[in-house]
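Q: Fold the following for me, if possible:
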Amino acid sequence: MITERPFTELPALVETLAADIAAILARAVDARGGASFVVTGGATPAPLYRALAETQAPWGEVTITLSDERWVAPDDPASNEGMVRRELLSGLPGKARFVPLKTAHARAAEAVSAVEAAIAEMPRPFDVCLLGLGADGHIASLFPGEPMRADVLVLAVMAPNAAGAVERLSLSMGALRTSRRIVLLFTGAAKLAAYRAARDNLAETPLAAFLAEAGDRVAAYWCAEGAC
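A: Numbering: from 1, shown residues only. Below is the predicted model:
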């Protein structure tokens with residue numbers, strides 16, 4: 001059963017979720033000697049990352065990667081890696097290991113094997129997987145109408161209608177849905193409607209398929225009021 005954590009103010013959501021994620025990572029390190037953390041890009045999680053950098057999680061024992069990446073250089077404004085480095089990694093009190101998805105390959109499809117090998121070396125299942133969602137019900141760079149493959153860890157994706165960049169690399173549905181704890185983070189009425197449609201089986205979207213497979217490990221944190 002999905003755990004739902006609605007908030008009316010974004011600062012309260014950020015403070016609570018940062019503490020929750022830090023606690024999960026600490027328990028994972030205590031139990032297994034290390035932890036893995038999948039993070040998402042976009043503007044919404046930036047305040048959360050700044051708050052996480054102030055927590056006492058055992059960052060030196062945590063390996064971090066991205067749920068998906070636009071095929072642009074890390075210094076490009078559209079780069080998820082660039083945002084995560086600025087907002088999270090640069091402020092951590094301990095040096096976490098970071099596994100990027102962007103490589104020097106010219107095309108995302110050329111990088112799949114190398115990135116999959118790097119992801120396979122991380123502690124898995126992932127201890128925490130943080131995902132945003134789109135108003136169309138997409139998660140990571142898994143968009144409606146595309147195959148939801150579970151037999152690979154990494155996919156090259158072409159997303160002509162998505163913002164930022166057409167060419168992308170994404171963790172697969174199979175890689176994401178096996179995570180020990182999955183956190184959905186979103187704000188605004190449109191994304192709340194997409195979430196509820198997926199939760200209530202009113203839409204056939206990647207999010208709906210994801211919740212059907214992993215709902216008992218999902219916690220949804222949202223803020224849908226005007227202040228958010």
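Q: ok, how many other residues are close to the closest residue in space to Gly188 that isn't next to it in sequence?
A: On the basis of C-beta to C-beta, 6 or more residues apart in numbering, the spatially nearest residue to Gly188 that is not a chain neighbour turns out to be Ala224, at 6.1 Å. C-beta: built from backbone N, CA, C; applies to glycine. Neighbouring residues of Ala224 were enumerated by other C-beta atoms under 10 Å; the total is 17.
Q: Contacts only, for Asp216.
A: Residues near Asp216 by C-beta atoms under 8 Å, 6 or more residues apart in numbering: 1-2.
Q: what does Pro47 give?
A: Contacts for Pro47 (C-beta under 8 Å, 6+ apart) come out as 10-11, 14.
Q: ditto for Leu192
A: Contacts for Leu192 (C-beta under 8 Å, 6+ apart) come out as 186, 222, 224.
Q: Out of those, flag the one nearest to Glu4.
A: When the contacts of Leu192 are compared for distance to Glu4 (C-beta to C-beta), Trp222 comes out closest, at 8.1 Å.
Q: Please name the nearest non-neighbouring residue to the closest one.
A: Phe186 (5.1 Å).
Q: rewinding a little: now, among the contacts of Pro47, which is nearest to Arg181?
A: Distances from Arg181 to the contacts of Pro47, taken as C-beta to C-beta, are shortest for Val14 (17.6 Å).
Q: Only C-alpha atoms, please: export the helix or strand hosting Ile24 in CSV.
A: With the criterion set as DSSP states H and E, the secondary-structure element containing Ile24 is helix 10-32. Listed in CSV are the C-alpha atoms of helix 10-32, where the atom choice follows Å, rounded to 0.1, in the frame of the first residue of the first chain:
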residue,chain,number,x,y,z
LEU,A,10,7.0,23.2,0.7
PRO,A,11,9.5,24.0,3.5
ALA,A,12,7.8,21.4,5.8
LEU,A,13,7.8,18.8,3.0
VAL,A,14,11.5,19.4,2.4
GLU,A,15,12.5,19.2,6.1
THR,A,16,10.5,16.0,6.7
LEU,A,17,11.6,14.2,3.5
ALA,A,18,15.3,15.1,4.1
ALA,A,19,15.2,13.6,7.6
ASP,A,20,13.3,10.5,6.3
ILE,A,21,15.8,9.8,3.5
ALA,A,22,18.8,10.4,5.7
ALA,A,23,17.4,7.9,8.3
ILE,A,24,16.9,5.3,5.6
LEU,A,25,20.4,5.7,4.3
ALA,A,26,21.9,5.5,7.8
ARG,A,27,20.0,2.3,8.5
ALA,A,28,21.2,0.8,5.2
VAL,A,29,24.8,1.6,6.0
ASP,A,30,24.4,0.1,9.5
ALA,A,31,22.8,-3.1,8.0
ARG,A,32,25.0,-3.6,5.0
